[in-house]
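Engineer: got a predicted structure plus its sequence, pasted below:
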Amino acid sequence: VLFVALPETSPVMLKSSQEHGKVPCNPPLWRSRNIIITLLVLALPELGLISHQSVAINTFSMQYLGKQKVWIGTLTSASAVMQAFFAATLCPFLTNRNWSDHAIMCLGSFSFAVASIII
């Protein structure tokens, strides 16, 4: 759904540019093999963290710590709120300070590694 709304990948924008005589040189981003491979590679650690958080931590919390499902739900919700907060505040702040996409990706990878080590 998101790729339809973005001007770079929107089929409407592609058709309108063809009407004006401009033919795009590159395929849309959602069809680019390099982008898809990069996203798949970057998704692997994320899937590992999600499975760790949803299975391993929940099992450990319930069986060994004796926590209830409500506590686990609160922990999961707090994690989602923190992620949304940082995505809504830190990323725009750094972008306004002229941080490059590469630098923000490196910061995200570093924070992911730190969070994985802590967990």
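Structural biologist: Looks like it came in fine.
Engineer: what lies in contact with stretch 65-85?
Structural biologist: For stretch 65-85, the surrounding residues in contact (C-beta atoms under 8 Å, 6 or more residues apart in numbering) are 53, 54, 57, 58, 61, 62. Where you see a C-beta, it was placed from the backbone N, CA and C, and this is true even at glycine.
Engineer: quick check on those: which are buried?
Structural biologist: Buried subset of the contacts of stretch 65-85 (neighbour count, 16 or more other C-beta atoms under 10 Å): 53, 57, 58, 61.
Engineer: for residue 102, see how far away the second one is.
Structural biologist: Here residue 57 is placed at a distance of 31 Å from residue 102 (C-beta to C-beta, to the nearest Å).
Engineer: from the contacts of stretch 65-85, which single one is nearest residue 92?
Structural biologist: Nearest to residue 92 out of the contacts of stretch 65-85 is residue 53 (C-beta to C-beta; 25.5 Å).
Engineer: rewinding a little: among the buried ones among the contacts of stretch 65-85, which are in helices?
Structural biologist: Using DSSP state H, 57, 58, 61 are the members of the buried ones among the contacts of stretch 65-85 that sit in helices.
Engineer: adding distance to residue 96 and pLDDT, write the residues you listed out as CSV.
Structural biologist: Compiled in CSV, those are given as follows (distance: C-beta to C-beta, whole Å; pLDDT from 0 to 100):
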residue, distance to residue 96, pLDDT
57, 35, 75
58, 38, 77
61, 39, 79
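Engineer: nearest to residue 117 among those?
Structural biologist: When these are compared against residue 117 (criterion: C-beta to C-beta), the nearest one is residue 57, at 14.5 Å.
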